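# Provide a 3D model corresponding to the input given below.
(one chain, ligands or ions: 1)
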Amino acid sequence: MTYSSVVVLYFLSFFTQAQNTIPEVEALLSKMTIEEKIGQLNLVTPGGGIATGSVVSSNVEEKIKAGQVGGLFGIATPERIKKAQDFAVNKTRLGIPLIFGSDIIHGYKTTFPIPLGLAASWDMELLKRTAQIAALEATADGINWNFSPMVDISRDPRWGRTAEGAGEDPYLGSAIAKAMVMGYQGDDLTAENTMMACVKHMALYGASEAGRDYNSVDMSKIRMYNDYFPPYKAAIDAGVGSVMTSFNDIDGIPASGNKWLLTDLLRNQWNFKGFVVSDYTSVNEMIAHGLGDLQAVSALALNAGLDMDMVGEGFLTTLKKSYDEGKVSEAQITNACRRILEAKYKLGLFDDPYRYIDQKRPAKDILRPEHRKIAREAATKSFVLLKKHNNTLPLKKDANIALIGDLANDKTNMLGTWAPTGDFKLSIPILEGFKNVAPNAKISYAKGANITNDSIMAKNVNVFGTTVVLDKRSPEELLAEAVAVAKKADVVVAVVGEAKEMSGESSSKTKIQIPDSQKQLIRALVATGKPVVLVLMSGRPLVIEEEMGLPVSILQVWFPGVEAGNAIADVIFGNYNPAGKLTATWPVNVGQIPIYHSIKNTGRPQPTETFLKFKSSYLDAPNAPLLPFGYGLSYTDFEYTDLKVSKTEIAQNEALSLSVTLKNTGNYDGEEVVQLYLRDVVRSITPPNRVLKGFKKVFLKKGETKTVTLDLKAEDLKFYNANLEFVAEPGDFEVFVGTNSNATQKASFTLK
Ligand code: NOJ
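Below is the predicted model of the structure:
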């Protein structure tokens, strides 16, 4: 490159940068001292909500007045938020407003199903709507920044936070990331009913080794780019305002101090313009990771491209010293501060620091009846029918029912994990929902079993309030009562599974079956010979090999949220025909984990499940999962025929359309999620056997036939090659369309 072209480039970049800056922010920056800039990088929580680390911030009021705080999280209500904002606006030299964050993961006060459940709806409009409602309610309470969406791909159901994400798949995960960001942020971030989103946890948090929370991650770049990065990137392409780093290390450097991740990838390759916040004390945790003392790790984080420090105050207490010693530059501090001020500007806080603070709004906007209606609809759409048996379901509304299970008459577990802004007392227990929907049914209730008999497990999961109560009666007495109730009924509905905190943050497990106490209950109920329906609750895929083998029907309901009981009753009694589909593969046993559908063929594929020596297989388990990705039944049946591609040859950058005939052959109206999988037959890096590249949810009346069309965009054929270039390579492709990832309708085409 010649000297003159370097000069031209320099001025060009200067010009573009100057063009993109915000004059108000630049004017403010020019007045700020280094200490004031560092103050903006500090995010604190006064406690009182759920603290997700062992420390909370101290002397918050004094720090705000001293200009040492840029934002607050974990507080709500216009009164409390106004008080804090007053300190910042009236008591500091420059009066810079605070940003107010919160964890609104699946609804604010109107709690929707856990994210893994919402994802199972495969309904992007619905997901967007839930995010809009969350934004409306949260902003009514003074919050303008949300630590969501959580888009970490998880292929290891031992990891408790599987509950918080969308499952295993990058294509579906990307669509959901986009829908959520659009729902929270809307078209106008300054509007009083929208809030800034924060995509998390950048990056790869869901790949913690052995599913143990906060554990190390070690992964090839090819896998990062193809399988784990797409949802973060989709959120960024959708304009997400902020990014939260993850706790884990990547290539030996924790995300919060990883320059490759936060600068080279996020800013330079992906062109992210917002700000990056650490996770809860994740800067300080780099000390335990083994990277030095607080001053060293704080400098590392700033130099890597981290802008805001959550709770740990390493930035606040050490950056000035590092600056004096020449370990960080003023430009780095200014850049971080600029990004935070720009976020406040985009939210309209410089125009009006009290924009989101209106005493009249909570009563008007929180828990509106129409929000509860959507919560009920969202829950019914999240349920997955895992097994049908003898047409037991749906039940008649005048049936004689034994409703069994601790979870069947419970409010404390219905919201699921990470619903700190929700109120469990508002949730509808299943027993109540049954009575609402089927007032003429005869319903007898018995507890049957404790959620677990393991008192240590009970103690561990009761940290955020008691949700597992060990009954004073013995397990034998509980069981005998339930069996007696079951014997007098025509049908048994047993609600079984996990308590809400058996999944979520810091809730990893090595055994992921239904707890033993409830397994025994199920066996005893089946032994009565009555038809049995299992309503299964969990925040992760479970190992249910035994239960799938029993003569029972199984409806997976995750944690359904505030309308739990009504929504479950809607489906059990046939007001709504379930159509949810699994977004994470369910293993036969824990030994198959990690498990996901887009596996590669290997050089020694096993052609069938019959064991063959020297093929890629297990001696003691099949390769196939118990339930594949995309799986979910309906009260009706669907038949796929006649898959066609619009062209059998396409050029680079050309799109393709597919059509398939879908018939509702059963006895109920119903919805089906038509799924499209692609196989790149030969390419320069080993291809997965199939990857999801499209889906459409369609409604068919009983007996109806529809032609369903799906589009394959040119981009859908692309992948990251060995040089991490995003390319489509010429050659043959196969497409599969059907009801889950084992789809059998097949067609092919060639890319020239
Ligand atoms: C820790 C969690 O990892 C993160 O998801 C959450 O946003 C923060 N705590 C703040 O509560």
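# residue contacts, the residue positioned nearest the centre of the chain?
Centrality entry for the chain: nearest residue to the mean C-alpha point is Gly165, 1.9 Å, by C-alpha atoms, centre = their mean. If you count contacts by C-beta atoms under 8 Å, 6 or more residues apart in numbering, Gly165 has them with 115-116, 119, 150-154, 173, 206. Quick note: C-beta positions are derived from backbone N, CA and C, even for glycine.
# The closest residue to Thr281 other than its chain neighbours and the ligand: what is the separation?
When the adjacent residues along the chain are set aside, Thr281 lies closest to Gly312, with 4.1 Å between them (C-beta to C-beta, 6 or more residues apart in numbering). As defined by C-beta to the nearest ligand atom, to the nearest Å, Gly312 lies at a distance of 12 Å from the ligand.
# quick check, Gly312 in a strand?
No. If the criterion is DSSP: H, G, I helix; E, B strand; the rest coil, then Gly312 is coil and not within a strand.
# now, which of the contacts of Gly165 sits nearest the ligand?
When the contacts of Gly165 are compared for distance to the ligand (C-beta to the nearest ligand atom), Met150 comes out closest, at 6.3 Å.
# Dig out what the closest one forms beta bridges with.
Beta-bridge pairing of Met150, defined through DSSP bridges, involves Lys200.
# tell me the contacts of it?
Contacts were defined as C-beta under 8 Å, 6+ apart; by that measure Met150 touches 105, 115, 161, 164-165, 200-201.
# and the residue nearest to the centre of the chain, what pLDDT?
Gly165 carries a pLDDT value of 98.
# returning to what we had before: could you flag which of the contacts of Gly165 are buried?
By neighbour count, with 16 or more other C-beta atoms under 10 Å, those hold 115-116, 119, 150-154, 173, 206 as buried.
# Any chance of a markdown table for these, columns distance to Arg339 and pLDDT?
A markdown table is the format used below for these (distance: C-beta to C-beta, whole Å; pLDDT from 0 to 100):
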| residue | distance to Arg339 | pLDDT |
| --- | --- | --- |
| Pro115 | 27 | 98 |
| Leu116 | 31 | 98 |
| Ala119 | 30 | 99 |
| Met150 | 21 | 98 |
| Val151 | 21 | 98 |
| Asp152 | 23 | 98 |
| Ile153 | 26 | 98 |
| Ser154 | 29 | 98 |
| Gly173 | 26 | 98 |
| Gly206 | 26 | 98 |
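# Any chance of TSV for those residues, columns distance to the ligand?
As requested, the buried ones among the contacts of Gly165 are arranged in TSV below (distance: C-beta to the nearest ligand atom, whole Å):
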residue	distance to the ligand
Pro115	12
Leu116	15
Ala119	17
Met150	6
Val151	11
Asp152	10
Ile153	15
Ser154	14
Gly173	16
Gly206	12
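# Look up which residues are beta-bridged to Glu734.
Beta-bridge pairing for Glu734 (DSSP bridges): Arg679, Ser748.
# from the contacts of Gly165, which is closest to Gly632?
The nearest member of the contacts of Gly165 to Gly632, counting by C-beta to C-beta, is Ala119 at 11.9 Å.
# Nearest residue to the closest one in space, please, no chain neighbours.
Closest residue to Ala119 in three dimensions, ignoring its sequence neighbours and counting by C-beta to C-beta, 6+ apart: Ala166, at 3.9 Å.
# which residues touch the one you found?
When contacts are counted by C-beta under 8 Å, 6+ apart, Ala166 touches 115-116, 119, 151, 172-173, 176-177, 231, 583.
# for it, helix, strand, or coil?
Classification of Ala166 by three-state DSSP places it in coil.
# Tell me how many other residues crowd Ala363.
Using other C-beta atoms under 10 Å, Ala363 has 9 neighbouring residues.
# so it sits in a helix?
Yes. Residue state for Ala363 (three-state DSSP) corresponds to a helix.
# just to revisit the earlier point, now the buried ones among the contacts of Gly165 in CSV, with secondary structure?
Converted to CSV, the buried ones among the contacts of Gly165 look like this (three-state DSSP):
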residue, secondary structure
Pro115, helix
Leu116, helix
Ala119, helix
Met150, strand
Val151, coil
Asp152, coil
Ile153, coil
Ser154, coil
Gly173, helix
Gly206, helix
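# Adding distance to Leu662, write those out as TSV.
Compiled in TSV, the buried ones among the contacts of Gly165 are given as follows (distance: C-beta to C-beta, whole Å):
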residue	distance to Leu662
Pro115	28
Leu116	26
Ala119	22
Met150	33
Val151	30
Asp152	33
Ile153	29
Ser154	30
Gly173	25
Gly206	33
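# that older thread, which PyMOL command selects the buried ones in the contacts of Met150?
Buried members of those, identified by 16+ other C-beta under 10 Å, are gathered into one PyMOL selection as follows:
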select buried, resi 105+115+161+164+165+200+201
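# which two from the contacts of Met150 end up farthest apart in space?
Going by C-beta to C-beta, the two entries of the contacts of Met150 that are most distant from one another are Pro115 and His201, at 13.3 Å.
# Glu609: neighbouring residues, count only.
A total of 10 residues lie near Glu609 under the criterion other C-beta under 10 Å.
# same question but for Glu79, I mixed them up
Close neighbours of Glu79, defined as other C-beta under 10 Å, add up to 11.
# contacting residues around the closest residue to the ligand within the stretch 301-450 of the chain?
Residue nearest to the ligand within the stretch 301-450 of the chain: Met310 (6.6 Å; C-beta to the nearest ligand atom). With C-beta under 8 Å, 6+ apart as the criterion, the residues that contact Met310 are 43, 73, 244, 277-283.
# how much space between it and Ile514?
Distance, Met310 to Ile514, by C-beta to C-beta, to the nearest Å: 36 Å.
# would you turn the contacts of Ala166 into a markdown table with distance to Arg355?
Shown next, in a markdown table, are these (distance: C-beta to C-beta, whole Å):
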| residue | distance to Arg355 |
| --- | --- |
| Pro115 | 28 |
| Leu116 | 34 |
| Ala119 | 32 |
| Val151 | 28 |
| Leu172 | 35 |
| Gly173 | 32 |
| Ile176 | 29 |
| Ala177 | 26 |
| Pro231 | 30 |
| Thr583 | 36 |
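# Show me which of these is closest to Ile451.
When the contacts of Ala166 are ranked by distance to Ile451 (C-beta to C-beta), Leu116 comes first, at 19.1 Å.
# Closest approach to the ligand from the stretch 251-400 of the chain, which residue is it?
Counting by C-beta to the nearest ligand atom, the stretch 251-400 of the chain gets nearest to the ligand through Tyr280 (3.8 Å).
# So that residue is in contact with Asp309, correct?
No. The pair Tyr280 and Asp309 does not pass the contact test of C-beta atoms under 8 Å, sitting 10.4 Å apart.
# per-residue confidence at Gly239?
Model confidence at Gly239, given as pLDDT, is 98.
# which residues sit in contact with it?
When contacts are taken as C-beta under 8 Å, 6+ apart, Gly239 is in contact with 181, 185.
# That one sits in which helix or strand?
Using DSSP states H and E, Gly239 sits in no helix or strand.
# ok, so what distance separates it from Ile572?
41 Å.
# who touches the residue of the stretch 401-550 of the chain found nearest the ligand in this structure?
Closest approach of the stretch 401-550 of the chain to the ligand (C-beta to the nearest ligand atom) occurs at Glu505, with a separation of 5.8 Å. Counting by C-beta under 8 Å, 6+ apart, Glu505 touches 52, 160-161, 164, 213, 417-418.
# Break the protein down into its domains, please.
According to the domain assignment given by automatic domain parsing, the chain is divided into the following structural domains: 371-585, 638-751.
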